[in-house]
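Asker: quick one: sequence plus predicted model below, questions after.
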Amino acid sequence: MAAPILGLSLDQSKPKLPIRVVGVVPGTLAAEYPSIRVGDELVAVSEQLVVGMNLDDVKLMIQNIMMGAQPIDHSKTLAGETKKRLCGVGLTVLDDPPHTVTFLKPSGAAAKSGIIEVGDHLVAIDEELVADLSIGDVAKQVIGEEGTTLVAWLERAPPGGKSFCHYKKGADIRSQIRRLRILKEANILDDSAVELGIRQCWQGC
């Protein structure tokens, strides 16, 4: 188990497996954020994806950032070429489905869009259902090279209304989308018809 960092105790059962919060120290910076809970998976640090990294490397990255040093550059390839900086869209969602939006970074793309609100449920990204995925898999879909774009579908239940609960119907939704794409490959449906069908799935097919 790792020593507390910023008031967090982190653990990783085996290399490359998820890094999880196993303790929050009272009176520390982490304790000031009630959304941080034991069992949460650490997904990114300073907008750099850490899913699949070893705990010791992540600890060193955090310590360097706390000391004001340059973070370890994990974007270099074996050939020494540097990829574009990775970034997200500036929103925080709950680890467990439904992935409810709990925070919008004021300077982030999600907040600047003006259409996403705290309480919305993340349903799909780029025509792929993410409502029932782990938070690590969701992060892989959201975090990308700076300058790239994505299309996200979020659900907002009306006051007094009920959520469609996409995360409970993942198999049925994927089956429906798979049928639509098969019909497209057979030239029975065109692109617009498939797009409309997928949109209906996000709305509650």
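Answerer: Arrived safely, thanks for sending.

Asker: how about the strands in the chain?
Answerer: Using DSSP state E, the strands found in the chain span residues 8-11, 20-24, 44-45, 48-49, 86-87, 91-93, 101-104, 121-125, 128-129, 144-145, 152-155.

Asker: which of these has the lowest average pLDDT?
Answerer: Mean pLDDT is lowest for strand 86-87 among these, at a mean of 64.

Asker: which regions of this structure sit below the pLDDT cut-off?
Answerer: 1-5, 47, 65-86, 161, 205 (pLDDT under 70).

Asker: same thing but 50
Answerer: Within the chain, the ranges that satisfy pLDDT under 50 run 1-3, 69-83.

Asker: grab the longest helix from it for me.
Answerer: Across the chain, the longest stretch assigned as helix under DSSP state H is helix 170-185.

Asker: helices and strands around it, which ones?
Answerer: strand 128-129, helix 191-204 (3 or more CB pairs under 8 Å, 6 or more residues apart in numbering; DSSP states H and E). In short, each C-beta sits where N, CA and C put it, glycine included.

Asker: off-centre distance for that helix?
Answerer: 23 Å (CA atoms, centre = their mean, to the nearest Å).

Asker: next: stretch 52-60.
Answerer: Worked out by CA atoms, centre = their mean, stretch 52-60 lies 19 Å from the chain centre.

Asker: alpha carbons of it, as CSV, please.
Answerer: Extracted C-alpha coordinates of stretch 52-60, given in CSV (Å, rounded to 0.1, in the frame of the first residue of the first chain):
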residue,chain,number,x,y,z
GLY,A,52,-2.6,1.0,-16.9
MET,A,53,0.3,2.6,-15.3
ASN,A,54,2.2,1.3,-12.3
LEU,A,55,1.5,2.8,-8.9
ASP,A,56,5.1,3.8,-8.2
ASP,A,57,5.2,5.8,-11.5
VAL,A,58,1.9,7.5,-10.6
LYS,A,59,3.2,8.4,-7.1
LEU,A,60,6.3,10.0,-8.6
